[in-house]
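> quick one: sequence plus predicted model below, questions after.
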Amino acid sequence: MIKHLLSAADLDAPTATLIHDIAAEMATVAGREVKKLPTLRGRTVVNLFYEDSTRTRTSFEVAAKRLSADVVNFSAKGSSVEKGESLKDTAWTLQAMGADAVVIRHPASGAPNRLVNWVHGSVLNAGDGTHEHPTQALLDTYTMRSRLGTVAGLNVAIVGDVLHSRVARSNALLLHTLGAKVTLVGPPTLVPPVFETLTPDVRVGYDIDAVLPEADVVMMLRVQKERMNAAFFPSWHEYSRRYGLDAARVRRLPDHAIVMHPGPMNRGVEIAPDVADSPRSTIVEQVANGVSVRMACLYLLLGGRS
Ligand code: NCD
């Protein structure tokens with residue numbers, strides 16, 4: 001079994017499916033009055049967050065606590081990182097404290113890959129720069145499976161700021177592994193043709209209206225202002241008009257199609273509020289599923305099953 005989860009490419013189809021199956025078992029715990037399993041009693045999970053996060057950090061925290069692990073939340077703000085301490089020195093400190101798993105979010109792509117050299121425990125990538133976010137891809141594919149029954153054979157349109165999106169990259173890789181077809185859609189500045197090489201069968205498209213009638217899943221991405229160092233589109237209004245998912249566009253989707261978004265949303269930019277809150281939207285389910293999937297990941301990586 002794998003020790004670290006750094007990239008969605010670390011997962012073959014049987015492992016991803018095993019995580020989905022375990023997540024489905026973990027989900028039953030959420031419905032109980034006592035939402036706890038003793039599985040990771042005595043183990044320590046450190047959340048090492050160098051970037052802001054609402055969903056992912058709390059989700060990992062709840063997941064670890066539901067498995068009875070001790071959880072240490074470390075955020076760069078208010079720590080010695082602000083005094084200039086390097087990732088390596090921080091890692092050694094965590095190592096000295098006996099971390100069995102380190103969940104890391106970092107603005108630098110590849111930071112989790114460095115961390116595996118400095119700690120003995122498992123490393124879980126909770127988002128590194130514009131690179132990857134594998135647990136998000138696992139929870140998204142889990143959500144597709146629970147809503148649509150399967151992932152294999154689905155047509156998935158991933159729409160928006162693909163260039164800056166670790167969510168898009170990890171999803172494209174995992175969806176390919178699980179046999180879904182992916183179309184990346186957005187303005188050419190945010191979906192450069194090089195993305196066609198991400199997997200053997202990923203497609204790139206620039207016209208959302210042409211893609212929607214064929215889509216089983218449409219995954220909207222946040223426009224990541226904080227990662228933009230140039231003007232990638234003329235105006236917010238123009239972006240929203242060309243690529244935003246509003247009620248009129250939703251009517252182009254097949255009846256069974258679902259609408260996803262990893263959050264946080266720019267309501268009114270990439271997704272209209274009424275679409276985000278509609279029955280087709282899985283946005284709240286994705287958050288709940290995130291806890292079950294992260295419980296499954298911690299369980300597997302920390303040796304719950306060999
Ligand atoms: C994403 C992230 O941080 O990469 N959010 C998340 O983890 N739910 C997507 C985003 O920030 O737009």
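Sure thing, it's come through.
> which residues touch Ser146?
Residues near Ser146 by CB atoms under 8 Å, 6 or more residues apart in numbering: 24, 285, 289. Using the backbone N, CA and C atoms, a C-beta is placed for each residue, glycine as well.
> gap between it and Ala215?
Ser146 sits 18 Å away from Ala215, going by CB to CB, to the nearest Å.
> next: Val275.
14 Å.
> ok, now Ile271?
Using CB to CB, Ile271 is found at 15 Å from Ala215.
> between these two, which has more neighbouring residues?
For Ile271 versus Ala215, the count of surrounding residues by other CB atoms under 10 Å is larger for Ile271: 28 against 24.
> which residues touch the more buried one?
Ile271 sits next to 220, 244-245, 259, 261, 265 when contact means CB under 8 Å, 6+ apart.
> one more time with 10 Å
For Ile271, the contacting residues are 159-160, 218, 220-222, 240, 244-246, 250, 259-261, 265, 277, 281, 283, by CB atoms under 10 Å, 6 or more residues apart in numbering.
> could you do Leu124 as well?
4-6, 45, 47-48, 60, 101-105, 112, 115, 134-135, 294, 297-298, 301.
> would you map the helices across the stretch 1-150 of the chain?
Secondary structure of the stretch 1-150 of the chain (DSSP state H, counting those that start in this stretch): helices located at 13-30, 55-66, 87-96, 111-115, 134-148.
> hang on, I meant the stretch 201-306 of the chain
208-211, 236-243, 247-250, 273-276, 283-301.
> excluding chain neighbours, what is closest to whatever residue of the stretch 151-300 of the chain ends up closest to the ligand?
Residue nearest to the ligand within the stretch 151-300 of the chain (CB to the nearest ligand atom): Arg222, separated by 3.4 Å. Once flanking residues are discounted, Arg222 sits nearest to Asn266: 5.8 Å by CB to CB, 6 or more residues apart in numbering.
> and that neighbour, how far is that from Asp161?
Per CB to CB, Asn266 is found 10 Å from Asp161.
> with neighbour numbers in mind, choose between those two.
Taking other CB under 10 Å, Asn266 and Asp161 do not tie; Asp161 has more neighbours (27 against 19).
> hang on, isn't that one packed against Val223?
Yes: with contact defined as CB atoms under 10 Å, Asp161 and Val223 form a contacting pair (4.9 Å).
> mutual contacts of these two, please.
With CB under 10 Å, 6+ apart, Asp161 and Val223 have common neighbours 186, 190, 232-233, 239, 243, 270.
> in these, find the pair that's most separated.
Taking CB to CB as the measure, those span a maximum distance of 13.1 Å, between Phe232 and Glu270.
> what sits in contact with each of these two?
161, 186, 223, 239.
> can you pick the most crowded of the residues you listed?
For these, the largest neighbour count, defined by other CB under 10 Å, is 29 neighbours, found at Gly186.
> got the shared contacts of Phe232 and Glu270 as CSV, with pLDDT columns?
Converted to CSV, these look like this (pLDDT from 0 to 100):
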residue, pLDDT
Asp161, 96
Gly186, 97
Val223, 93
Tyr239, 94
